[in-house]
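Student: Provide a 3D model corresponding to the input given below.
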Amino acid sequence: MEKNKDKENWHDIYTAYMVMRHGTLSKAAEDLGVYHSTVLRRINALEKRLNTRLFHRHPRGYTPTDAGYLLLSAAENAQSEFERLMGKLQGVDGQLTGRLVITTVEELVPRVLPVIRAFQTEHPNIQIELLADRRVLKLEHGEAHISFRPGKGPNEPDYIAQKLAKLQSSLYASRAYIDQFGANLSLEDIRQHRFIKILGHSHIASVKWLEEKVPESQIYLSVSSFHSLRQAVLSGFGVGLMDSWIAGQHESVVQLIEPPSEWDYYLWIVTHKDAHHAIKVHTFVQFAKKFFAKDDVNN
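Tutor: Below is the predicted model:
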């Protein structure tokens, strides 16, 4: 209730300030975008609360009383401070300096770091904080400015999501594993192979396929993270799912099948509408889009 009263007081004080500036109710109402009667009501309410007259009323308009001049002086100072603050805030937002918080999932960190490094080379005055978290941080709560997300686009109504790249995944095994068990494998014929399963990611098409098509008797290891899955494949433990861009960085692993198109997914860059046009955010988003477009051409 007190907050509402403070808000109402400020509205009435600002209305009185506008009347003092313009000298008439009608011009103040036009500037404020309200009705003439609204201005009169706010002036009368403020004078009643203060128990003092703020204006001399005459046919040509309104002129301040001594109390009105005191209010005018205080309101002008407040308005001047507010305009100075807005200028500072706009200046901060318009500079490529300061802190920029980016979030993604742990398995995408190797994919995201090159664009961050390239961006910071061009804009060394921006300090980037990279938060790798299984939890999806809430941009609307200010937990991060920018999010890199894999999979389907976010469905939050105030989020702006843009596709950066199409990512593929396939079944991979180490050369040591292939020497022992062979490379004869297809989606229809998985006999004689040992598989590594990741837990808790059934929403991913490739993981769902493995859960539905590979019998438990052929699951030789279950892991809780994609990092552990990758390490298990590299160690020769069995056949596992890997993103093609990650597998391409390891000469010791072999792709066993062509990446099924139904396993494809997208990498998105996501911002909140309230921060999307901030120059640091906007500049990074545009840089990332060009970076990934160039990366796709080179690949």
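Student: if I look at residue 32, how far off is residue 19?
Tutor: Computed with C-beta to C-beta, to the nearest Å, the distance linking residue 32 and residue 19 is 9 Å. Just so you know, the C-beta spots here come from the backbone N, C-alpha and C atoms, and that holds for glycine as well.
Student: how about residue 264?
Tutor: 64 Å.
Student: could you list the low-confidence segments of the stretch 1-150 of the chain?
Tutor: Across the stretch 1-150 of the chain, the ranges flagged by pLDDT under 70 are 1-8, 83-95, 134-135.
Student: nearest residue to residue 280 other than its sequence neighbours?
Tutor: residue 100 (5.3 Å; C-beta to C-beta, 6 or more residues apart in numbering).
Student: neighbour count winner among residue 264 and residue 19?
Tutor: Legend: neighbour count by other C-beta atoms under 10 Å for residue 264 and residue 19, higher for residue 19 (28 against 14).
Student: ok, the more buried one touching residue 43?
Tutor: Yes. Applying C-beta atoms under 8 Å, one finds residue 19 in contact with residue 43, separated by 6.4 Å.
Student: hang on, the earlier thing: show me the contact partners of the helix or strand containing the residue nearest to residue 280.
Tutor: Taking DSSP states H and E as the criterion, residue 100 maps to strand 98-104. Applying C-beta atoms under 8 Å, 6 or more residues apart in numbering, the contact partners of strand 98-104 are 92, 112, 116, 125-133, 137, 143-149, 280-281, 284.
Student: hang on, the earlier thing: what sits in contact with each of residue 32 and residue 19?
Tutor: Common contacts of residue 32 and residue 19 (C-beta under 8 Å, 6+ apart): residue 39.
Student: any idea how far the residue nearest to residue 280 lies from residue 285?
Tutor: Plainly put, residue 100 is 11 Å away from residue 285 if you go by C-beta to C-beta.
Student: give me the common contacts of the two.
Tutor: The contact lists of residue 100 and residue 285 share residue 146, where a contact means C-beta under 8 Å, 6+ apart.
Student: neighbour count: these two, which is higher?
Tutor: Legend: neighbour count by other C-beta under 10 Å for residue 100 and residue 285, higher for residue 100 (23 against 19).
Student: list the beta-bridge partners for the more buried one.
Tutor: residue 128 (DSSP bridges).
Student: which regions of the stretch 151-299 of the chain sit below the pLDDT cut-off?
Tutor: Short version for the stretch 151-299 of the chain, where the test is pLDDT under 70: 295-299.
Student: now the helices for it?
Tutor: Ranges of helices within the stretch 151-299 of the chain are 175-181, 205-213, 226-234, 244-247, 279-298, based on DSSP state H, counting those that start in this stretch.
Student: the ones you listed: which one's closest to residue 61?
Tutor: Taking C-beta to C-beta, helix 279-298 is the member of the helices of the stretch 151-299 of the chain nearest to residue 61, at 43.5 Å.
Student: tilt between that closest one and strand 98-104?
Tutor: 50 degrees (axes from the mean of the first three to the mean of the last three C-alpha atoms, to 10 degrees).
Student: closest to residue 15 out of the helices of the stretch 151-299 of the chain?
Tutor: helix 279-298 (34.4 Å).
Student: got the CA coordinates for that closest one in CSV?
Tutor: Taking Å, rounded to 0.1, in the frame of the first residue of the first chain, the C-alpha atoms of helix 279-298 are listed here in CSV:
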residue,chain,number,x,y,z
ILE,A,279,25.0,-3.1,-27.9
LYS,A,280,27.2,-5.7,-26.2
VAL,A,281,24.6,-8.4,-26.6
HIS,A,282,23.6,-7.4,-30.2
THR,A,283,27.3,-7.2,-31.2
PHE,A,284,28.1,-10.6,-29.9
VAL,A,285,25.0,-12.2,-31.5
GLN,A,286,25.9,-10.8,-34.9
PHE,A,287,29.5,-11.8,-34.5
ALA,A,288,28.5,-15.4,-33.6
LYS,A,289,26.1,-15.7,-36.5
LYS,A,290,28.9,-14.7,-39.0
PHE,A,291,31.4,-16.9,-37.2
PHE,A,292,29.2,-20.0,-37.5
ALA,A,293,28.2,-19.2,-41.1
LYS,A,294,31.9,-19.0,-42.0
ASP,A,295,32.6,-22.2,-40.1
ASP,A,296,29.9,-24.0,-42.0
VAL,A,297,31.4,-22.9,-45.4
ASN,A,298,34.8,-24.1,-44.3
